[in-house]
Structures are given as structure tokens and as C-alpha cells.
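Participant: Sequence and predicted model, in that order:
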Amino acid sequence: MAAETDRGTDLLVADLEAAIGSERVAVGGGARRLYSRDSSMIAGGRAGPVCFAESTDDVAACVRVATAHGRAFVARGAGTGLSGGAVPCNEPVVIVTTRMNRILEVDLDRRLAWVEPGVVNLDLTRHLAGSGLHFAPDPSSQQACTIGGNVANNAGGPHCLAYGVTSAHVVALEVVLPDGSVVVLGDELCDATGYDLRGVFVGSEGTFGIATRIAVRLTPDPPAVRTLLLDFMDIADAAETVSAIIAAGVVPAAMEMMDQGVVAAVEPFVGAGYPLDAAAVLIVELDGLPAGVSLEVDLVAEMGRAHGARTVRVAADEEERARIWKGRKNAFGAIAHIKPGYYLHDTVVPRTRLAEVVAEINEAVERLDLIVMHVFHAGDGNLHPLLVFDPREPGVMDRVAAAGEEIVRISLAAGGVLSGEHGIGLEKRRFMPMLFTPADLAAQLRLRRAFDTQGLANPLKILPTSASCGDVMGLGTVPEGVWT
Amino acid sequence: MNAMERFRDEVGADGAVCVRGGGTRWTLGTSPYVEADEGPEVRVVTAPQGIQKHDPAEMTVMVGAGTALTDLAAALSLHGQEVALEGPPGSTVGGTLAVGHSSVRRPRIGAARDTLLQAECVGADGALFKAGGPTVKNVTGYDLCRLLVGSLGTLALLGRVILRTRPVPEQTIWMTGGVLPSDVLAACYRPAGVLWDGTSTFVRLEGYSSDVRDEAQSLALLGLSGVDGPPSLPMHRDRWRGTLPAGGVLEVSTGVLHRPDPALPAPVAPAVRALADRVRAGFDPGGRLNPGRDPYLVTA
């Protein structure tokens, strides 16, 4: 059997090499090891041949060759995903899109850009500097993650509170479907006729095909931006402030919270001016036209004080504003200095229940003798509990796994969902039946089968199956610069 | 038995069935040569009505799909909120979602399809299932809600939904003048809607009174002046194809063209059509849900 498999692989590799050139197909152990993991905790994936695509034709050719051999395929961007969506299952052909990194067209009048999937998120916004426009989705990994990956995961970020997640910013996609055909889903200007196939493709984690060109909507830079830093002696007061701001009819551009543990880790590195003795700090960013922003600054400050904020600081200038954000954006890098291992979670709860959910999670994690800290998108109830630990400690990984399950259970019991922006991947598929009935999951599977009739597009992801792939608790740490 | 279970039983597991909301766009997506949903063999069902829960601090509302948009708007306005759904008088929540048309205010308030967070539906097999989730942010599983909006009830029948709400702007005004839309777009930050009828641009400003006043001043310098509302929109919708027909009004930022005469649907690539057919067959193998309707016959 083994010999036959090897022979099958030889034929597969020969066909891939014939399709895109042998110099762009890697079969050595080094490449296959490198692409066996992403930034998640999941180890044990096994990559098949690794193909470096440079065009839509390359991607289509690789998909056709893979499926002709009955072999699965998986797309891969920067590998910053945190739920194992890019971890290869069933020794698939790995189709790397990072060389497809051209910004193809920018139309400032129509506020639209066509990009290839390997364009790094922040590079697009840098490219647009001075144009008065930007690309709104801003995951914390934006210096490294690709727009193709953003599409796969329907990525978020702090500023999605007011501007919406990736789906709201992708108007059209050129896609290689699992049968190798190339289609355009969506439309540059107007909603495409018929089913919103663009809408379901975004967030499908590579199980519906591979995006090869992406048309994104560009957002005008706000004329005025003000950033406030509020600190509280009780995290419940901070959470109530968040709800009060929303209930008062203000939707800030961003509303981010950090608890004392995170502040203690971050402040010495960044010097953002976060008070070390506060139970929680809240960053609120307001943007829009100057008069309205100024009204909202007063209103948010008033709301904060009414709910027990100890100090309310309004950034005086761009330098101070950047410093406040630097702390938030570098939180995970700083935390890596506390313990060698960490595991970042992602759930969403109703924002009115943030305080009680955080308290419950803290209790549950303490019972397991682990450390948890919180840095999250408070404005939309998107929690990111962060477990820190030393993976060399015997038995610790079992407790980390148990804590993860507790976080999920507590979030769902509060009326929440499994993921706000990291996706399901391999990490959370086993929890799907906690949120969805068999009928709900059957509906999702119908959609998947319509896109992927052979079941070869990034198999085993998202929907629970009995088949296994990788271990959820791989050891090691997330490389610096690639988080949430 | 609750309202959803009654709705499920009404739909049943076999026989052709169509769902009727306000009937305001009843022939949309039907072929002019085939009378859709006519005759005794197609049963007509209606979705549950009523607002179950409005949670202003979550910015969400749970509502029966059969609820009139006006009833929903009245309830939400008590807390200074609204939803990004609009339709002709008599429209229901479910009908408006099934049609999927967005408001002319879309550039400011978002698309109809971004409004639906969770849908409890009856599938073609007569069983209830749920799509999406109750929170304002969610990437748990496939985004079936996106698929249901604009599907004309051909994949499942909406029973009860959770919608995203938003604050009602403090002030709203319309202005118009004989200038090009691009000049208006260059002069204001995020206008709620910009319309062009071939000679005049109409712009809707909304937000804080002070912001609206400031932007109105800039537009006045361009020669625009206040007007009671938008021009009356001709009855047929189309997509922008590069020229403005006589009597047409274009939504500049969204490419929706309102025109007096009907247009033919845009051609659909065969591979996309094949994919759409597989999706429909997957959800409704027997073709029993809203037979005779085809979202690909809708022009925009």
C-alpha cells in the first residue's frame, strides 16, 4: 500500500511540475514541515507537495491536478491563522499564494482596488497613503497577514466595530472553484444578481475554493479622529461603560479593553501610559466630522465618569494617540515574556454580559491553576482570553485544553458564539454541535457540497467529522507579530 | 406549540409552497411567461409576526419574519434605533430580506444583507434550522444568512430573525443642485446617499446636527440647496451599465439604476449559474419552495 501511495505521489508531483514548473513545486521535508503548521496550537498536519502559485492559471492548474489525482488541496497565505484553517489534512497539495502579491488596480474615484490574495493587509493601506482612502479591516496581524487570508477567515480587527468585518469590504472575488473552473463572484459596483455567493465565500476558510483576485472597497479616511483612554478599578464598571455608550447611540470606531494582567505586561515595554493599578483600561476611538467627534468625546468621557472611570485621558496629539494604540497592538508580544507558552482564544458574547463572563472565565481558569488575561474588542463583545503557561510543565497541556473548553462553555451559556474573527478551522470544529443542531449543521454541509462536490477543498475543517487531523495542543509559541 | 413550530407545520414536508409577506414585490424574479405560485397546487403560507425582543445596548432585535417593517420601525424608534431595511408600504421583514434590496442610504447604514445576524427557517424537508448567531460579530461556520438574503425564499423560508439595529441619526436633510455627483462626493465625508438623474445630483446628509450643518454649508458653496426629499424613483430597478436611460435615476455609490421601463437581467456566467443551481438543488432537491421564482431573473 505504502509503495502504491508513493507511486501515486510521484505521479501527482510529476503532473504538478508539468503544470507550473518543477522549480515551483517543493517536495522536500523542509518545505513540508514548514507548511504543516500555521500560527495555531495545532501540530501534526502533514503537507503534500507544496506549490508556489504566481497566477490564477497556476492555482487553477494545481487544483485540477490535485483533484484529478483524488488528492485534497489547501490554500495558504502568510500562515497567521489561529484556528488551524491552513493546517494540511490528508496530505493535500499546498497551494501557497504569497507570491501573488500585486496590487493590480486602484480606482480612487470608485473607491475600489483589485488585489491578489498574497497582498499583505497593511501593504494595501500603506500603498494608499496620501490618497485619503484606506482598507478598513485591521486584524492585529495586519503587518503579516494576507488579504486572501482575511477573505478566508472573514477577518476583523479593532475598527470593525464601526466599519464592519472583511465581508463588508469585499465586493467581488475571482475564485478557482474546487472543480478547477474560474468564476467571478459578486460585482465591482452593484450587488451581483442572484444568490450572494460572494458573501458565503468570504469566511469559508478555503473550503469553497481559492480566491485569486479580490476587489475590495476602500474607505475614506475620517476628517477627525480622537482617542480616549479610560481606566477603572473594577472591570464591571468598564464593561457597563461600553454598554452605556452603545445604548446612548454612539458607535465608536473602536472600543478595546485590557485587564490588569495585560496592562502589567505591556506597560513596561511600550510606555503607553496605562495605569498599572487599574483593573481595566478602555481605549475608545471616535472618528467622523470634527463637530460630531467633539460631541462624542464629551459624551464618552461623561459616560465613563458616570460609571466609575478613575481617569479619562484624551490623546492630545497624534504621537500620544499612536502610543495608546501601540500598547494594544503589541499586547501579545509583551505577554510572551511572562511565560514561554500562550494560547489565545476567541469567542463573542452579548456585550451586556462581558463583565460576568470575564469573571466566570477567570474563576474557571484559576480552578485549573492557570493564568488568564484579557485583551479584547469590547465594543462588539469579542473576547480574547489569553492563557499563559509553561509548556514544559508536566500535565499543563491537559489543563490548557480544559480551560479552553470552559471558555467556550461559559461563552455559549451567556448567549455567545464560538468565534468572532479567528474562524473554526480544526480548533473548534468539535464544539460546533454545542451551538448548532444536526439540522443546522446539515444546512451548512449542503452549501459546502454545492461548492465542493468531491470533498477535496481543505477537508476536515469547520464542520465536525469523526476523522482526525493534527493535535489541538501543539507545543510552542506564536511567532512575534502575528496575532488576533 | 410556539409560533415557529406552527409555521413549520404549516409549511410541512411536501407539496409546493410559497411564502407571502406584504406582497409588495410579488412578481419579482418570476418569468413574465410563467405565472409563479398560481393555482391550487401551490400553498401560500405566512411567517410569524411580532417583535420578540429589542435589546438597544446589544443593537439587536429578534422579530417574526411576517412583521410589517413599519411596526418594527415604530418599536425601534422608541429607543432611538432603526434597521437598514426599507421597502414599499406594506412590506414585511421577511419579504424585504428575501428580496434583498438595500436602502438608498446604503453608503451610510450598510446593506440589507449585512443586517441579518440569525435566521430560524423552515427547510424544504419541513424541519426547522438556524443560520448565523445572535451576536453582532460572528464567524462560526458558514455564513448562511448571506445566502438567504436575496434568495426569494428558494432555499428556506424565514420564520424568525435577529437583525442588527443602529442609532437613528439626529438630523437628516436632502439637498440638490445641477452639479456632478463626483463634485458632491469630493465635498462631503460620507454622504448617506447620492442620486443622479442626468441633470441634478441629490444628496442625503445625516448625522449630528452640527455635522449636517457644516457639510450643508460646503455643498451650498457648490450651488446645492435644500429640498424636501429625493426625486421620485421610477418603478423598475436595474444595474448601472454605463448610460443613464431617459427618466432614470442612479444611486451613484451602489450602482443601482431606477428606470421607468423594465430591463432584462444581466447575463450570468454558466459556471456561476451551475454553482447556484447546485446550491438550490442542495437546499431544495424537490423544487418545492417558491417554485417559479428565480433570483437570477431579478435585475438588481
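Facilitator: Done, it's in.
Participant: contacting residues for the closest residue to chain A within the stretch 51-200 of chain B?
Facilitator: Residue of the stretch 51-200 of chain B nearest chain A, by CB to the nearest CB: residue B:146 (3.0 Å). In short, each C-beta sits where N, CA and C put it, glycine included. For residue B:146, the contacting residues are A:167, A:196, A:199, A:200, B:113, B:116, by CB atoms under 8 Å, 6 or more residues apart in numbering or on different chains.
Participant: Skipping adjacent residues, who's closest to residue A:163 in space?
Facilitator: Distance criterion CB to CB, 6 or more residues apart in numbering or on different chains; nearest residue to residue A:163, sequence neighbours excluded, is residue A:136 at 4.1 Å.
Participant: can you list the residues of the stretch 1-150 of chain B near chain A?
Facilitator: Applying CB under 8 Å from any CB of the partner chain, we find that the stretch 1-150 of chain B lies next to chain A at B:55-59, B:80-81, B:100, B:102, B:110-111, B:113-114, B:123, B:127-131, B:133-144, B:146-147, B:149-150.
Participant: Now, these that are in strands?
Facilitator: Within the residues of the stretch 1-150 of chain B next to chain A, residues falling in strands by DSSP state E are B:55, B:81, B:128, B:129, B:130, B:131.
Participant: among those, who's most crowded?
Facilitator: Each of these was scored for neighbours by other CB atoms under 10 Å in any protein chain shown, and residue B:131 scores highest at 27 neighbours.
Participant: For the closest residue to that residue other than its chain neighbours, list the residues it contacts.
Facilitator: Sequence neighbours aside, residue B:144 is the residue nearest to residue B:131 in space, at 3.5 Å (criterion: CB to CB, 6+ apart). For residue B:144, the contacting residues are A:200, A:443, A:444, A:447, B:119, B:131, B:132, by CB under 8 Å, 6+ apart.
Participant: Please repeat the previous calculation with a cut-off of 10 Å.
Facilitator: A:199-200, A:440, A:443-444, A:446-447, B:116, B:118-119, B:121, B:129-132, B:155-156, B:283 (CB atoms under 10 Å, 6 or more residues apart in numbering or on different chains).
Participant: Residue B:286 versus that one, what's the distance?
Facilitator: Remark: distance between residue B:144 and residue B:286 (CB to CB, to the nearest Å) = 20 Å.
Participant: what does residue B:141 give?
Facilitator: Counting by CB to CB, the gap between residue B:141 and residue B:286 amounts to 25 Å.
Participant: Of those two, which one has the most company?
Facilitator: Neighbour count, other CB under 10 Å: between residue B:141 and residue B:286, residue B:141 has more, with 30 against 13.
Participant: Could you check which helix or strand contains the nearest residue to that one once chain neighbours are set aside?
Facilitator: Computed as CB to CB, 6+ apart, the closest residue to residue B:141 that is not its neighbour in sequence is residue A:444, at 5.3 Å. Using DSSP states H and E, residue A:444 falls within helix A:438-451.
Participant: which regions of the stretch 301-450 of chain A lie under the pLDDT threshold?
Facilitator: Scanning the stretch 301-450 of chain A for pLDDT under 70 picks out no residues.
Participant: Quick check: residue A:408 is in a helix.
Facilitator: Yes - counting by DSSP: H, G, I helix; E, B strand; the rest coil, residue A:408 is found in a helix.
Participant: Without its sequence neighbours, what residue ends up closest to the residue of the stretch 51-200 of chain B closest to chain A?
Facilitator: residue A:199 is the one closest to residue B:146 (CB to CB, 6+ apart), at 3.0 Å.
Participant: My read is that the one you found contacts residue B:145, right?
Facilitator: Yes - counting by CB atoms under 10 Å, residue A:199 touches residue B:145, with 8.4 Å between them.
Participant: what sits against the closest residue to residue B:71 other than its chain neighbours?
Facilitator: Of all residues not flanking residue B:71 in the chain, residue B:51 sits nearest, at 7.3 Å (CB to CB, 6+ apart). Listed by CB under 10 Å, 6+ apart, the contact set of residue B:51 reads B:61, B:62, B:63, B:64, B:67, B:71, B:72, B:74, B:75, B:76, B:93.
Participant: how many other residues sit next to the last one?
Facilitator: To tie it back to what came earlier, the one meant is residue B:93. Around residue B:93 there are 31 residues (other CB under 10 Å).
Participant: need the contact list for it.
Facilitator: B:21-22, B:47, B:49, B:51, B:61, B:63-69, B:71-72, B:83, B:85, B:87, B:115-116, B:158, B:160-161, B:163.
Participant: Next, check these against the strands and list the overlap.
Facilitator: Using DSSP E, those in strands are B:51, B:61, B:63, B:64, B:116, B:158, B:160, B:161, B:163.
Participant: Please spell out the ChimeraX selection for the buried subset of the residues you listed.
Facilitator: Applying 16 or more other CB atoms under 10 Å in any protein chain shown to these leaves a buried subset, and the ChimeraX line that selects it is:
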select /B:51,61,63,64,116,158,160,161,163
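Participant: Going by distance to residue A:185, which of the ones in strands among the contacts of residue B:93 wins?
Facilitator: residue B:116 (18.8 Å; CB to CB).
Participant: which residues pair with the closest one across the strands?
Facilitator: residue B:163 (DSSP bridges).
Participant: so where's the stretch 51-200 of chain A uncertain?
Facilitator: Checking the stretch 51-200 of chain A against pLDDT under 70 turns up nothing.
Participant: which residues in it form helices?
Facilitator: In chain order, the stretch 51-200 of chain A shows helices spanning A:56-68, A:121-127, A:147-153, A:160-163, A:197-201, with DSSP state H, counting those that start in this stretch as the criterion.
Participant: In chain A, which residue sits closest to chain B?
Facilitator: residue A:199 (3.0 Å).
Participant: show me where pLDDT drops low in chain B?
Facilitator: Short version for chain B, where the test is pLDDT under 70: B:31-40.
Participant: Please enumerate the helices of it.
Facilitator: B:3-11, B:69-77, B:93-99, B:106-109, B:144-148, B:181-187, B:209-222, B:270-283 (DSSP state H).
Participant: all strands of the stretch 251-400 of chain A, in order?
Facilitator: Using DSSP state E, counting those that start in this stretch, the strands of the stretch 251-400 of chain A run over A:254-259, A:280-288, A:309-314, A:341-344, A:347-348, A:371-377, A:382-383, A:385-389.
Participant: Now do the contacts for the residue located most distally from the centre of chain B.
Facilitator: Distance to the chain centre peaks in chain B at residue B:221, reaching 34.7 Å (criterion: CA atoms, centre = their mean). Contacts for residue B:221 (CB under 10 Å, 6+ apart) come out as residue B:187.
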